[in-house]
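Undergrad: Only the shape, not the letters, is given here:
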């Protein structure tokens, strides 16, 4: 079996994630991957087995980065509720060339693969659920700290938070003005802060 040429796996995965995130699973060709990863087709298959497996590794990478970013907002904030609110503002601070100024890769993947690629769609749903669980932990921490009502339901609040993040990311993807993005993030952050008792 041919061995893959020397390559940096992390760099290659990051390049693959960028290609897939921009074009989607179906629209990304082997030529796109060859150019993006700077690898020959044989080397790509030797290193990653298949396009499907490379995509699965890419969405795993995306999820892990998203989870790390969210946890960092919570860790750096003065309180869990402030961290949840700051999560919205983190998207308003992205530079104009930041690749995160587009729709969530997981959301795009679910739309792209739900009826065509069950293995990818199932993995995507699992990551979306796991991200929602991260948000729920934030709301649970806010409840434990006495910031929100003891009757508050963290899972329900988390789903609302996830829906709002998705909407904000769609506005970024649409290329809405910075003024629109700032106002939307402010409204969403204030909604979270208004839960305080």
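TA: Good, I have the coordinates. Keep in mind that what you see is a predicted model, and the values were worked out from it rather than measured.

Undergrad: can you give me the helices for this protein?
TA: In the chain, the helices defined using DSSP state H lie at 9-23, 30-37, 41-48, 51-76, 80-92, 105-113, 118-144, 154-174, 178-193.

Undergrad: Nearest to residue 99, out of those helices?
TA: helix 9-23 (6.2 Å; CB to CB). Yep, even glycine has a C-beta here, placed from its N, CA and C like the rest.

Undergrad: So which bits of the closest one are buried?
TA: 12, 13, 14, 15, 16, 17, 18, 19, 20, 21 (16 or more other CB atoms under 10 Å).

Undergrad: With distance to residue 119 and pLDDT as extra columns, can I get those residues in a markdown table?
TA: Below are those laid out as a markdown table (distance: CB to CB, whole Å; pLDDT from 0 to 100):
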| residue | distance to residue 119 | pLDDT |
| --- | --- | --- |
| 12 | 21 | 96 |
| 13 | 18 | 96 |
| 14 | 22 | 96 |
| 15 | 22 | 96 |
| 16 | 17 | 97 |
| 17 | 18 | 97 |
| 18 | 22 | 95 |
| 19 | 19 | 96 |
| 20 | 15 | 97 |
| 21 | 18 | 96 |
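
Undergrad: before we move on, the earlier item: tabulate the helices of the chain in a markdown table, adding columns for distance to residue 99.
TA: Below are these laid out as a markdown table (distance: least, CB to CB, whole Å):
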| stretch | distance to residue 99 |
| --- | --- |
| helix 9-23 | 6 |
| helix 30-37 | 13 |
| helix 41-48 | 21 |
| helix 51-76 | 10 |
| helix 80-92 | 12 |
| helix 105-113 | 9 |
| helix 118-144 | 18 |
| helix 154-174 | 11 |
| helix 178-193 | 16 |
